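Visitor: Sharing a model prediction with you, sequence too.
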Amino acid sequence: MPDLDRRRDRAARALGLDPAGLPSEAAALARLVELSRGPVAAACLVVGYEGDPLDPLIVSTSS
């Protein structure tokens, strides 16, 4: 992919990470999980064809 670096940097910024000092894959995934459980999750709700929200991809196992 010729634009892989640009896409990677854009994804990092969307997660609130500095593209110049990217963390490990595990740290980036942990940040994604953290965001998926916060207020960002409500703003990024995916709605199906019939207008009902789809089940989240990442489900919290802690209470």
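Guide: Done, it's in. Residues are numbered from 1 along each chain as shown.
Visitor: got the phi/psi numbers for the residue located most distally from the centre of the chain?
Guide: Relative to the C-alpha centroid of the chain, counting by CA atoms, centre = their mean, residue 50 is the outermost residue, at 24.4 Å. Dihedral pair for residue 50: phi -90, psi 10, per degrees, to the nearest 10.
Visitor: What distance do you get for it to residue 37?
Guide: Distance of residue 50 to residue 37, computed by CB to CB, to the nearest Å: 25 Å. All C-beta atoms are positioned from the backbone trio N, CA, C, and that covers glycine.
Visitor: how near is the residue nearest in space to the middle of the chain to residue 49?
Guide: In the chain, the C-alpha nearest the mean C-alpha coordinate belongs to residue 32, at 4.1 Å (CA atoms, centre = their mean). In this view, residue 32 and residue 49 are 26 Å apart by CB to CB.
Visitor: how about low-confidence regions in the chain?
Guide: Low-confidence segments of the chain (pLDDT under 70): 40-42, 56-63.
Visitor: Which secondary structure state does the residue nearest to the centre of the chain sit in?
Guide: Residue 32 carries the three-state label helix when classified by DSSP: H, G, I helix; E, B strand; the rest coil.
Visitor: Once you drop chain neighbours, what's closest to it?
Guide: residue 15 (6.2 Å; CB to CB, 6 or more residues apart in numbering).
Visitor: So that neighbour is in contact with residue 31, correct?
Guide: Yes - counting by CB atoms under 8 Å, residue 15 does reach residue 31; the two are 5.0 Å apart.
Visitor: Can you report how many residues lie near the spatially closest residue to residue 47 that is not a sequence neighbour?
Guide: Closest residue in space to residue 47, ignoring its immediate chain neighbours: residue 53 at 5.6 Å, by CB to CB, 6+ apart. Number of residues near residue 53 (other CB atoms under 10 Å) recorded here: 10.
Visitor: OK, contacts around residue 53?
Guide: Residue 53 sits next to 45-47 when contact means CB atoms under 8 Å, 6 or more residues apart in numbering.
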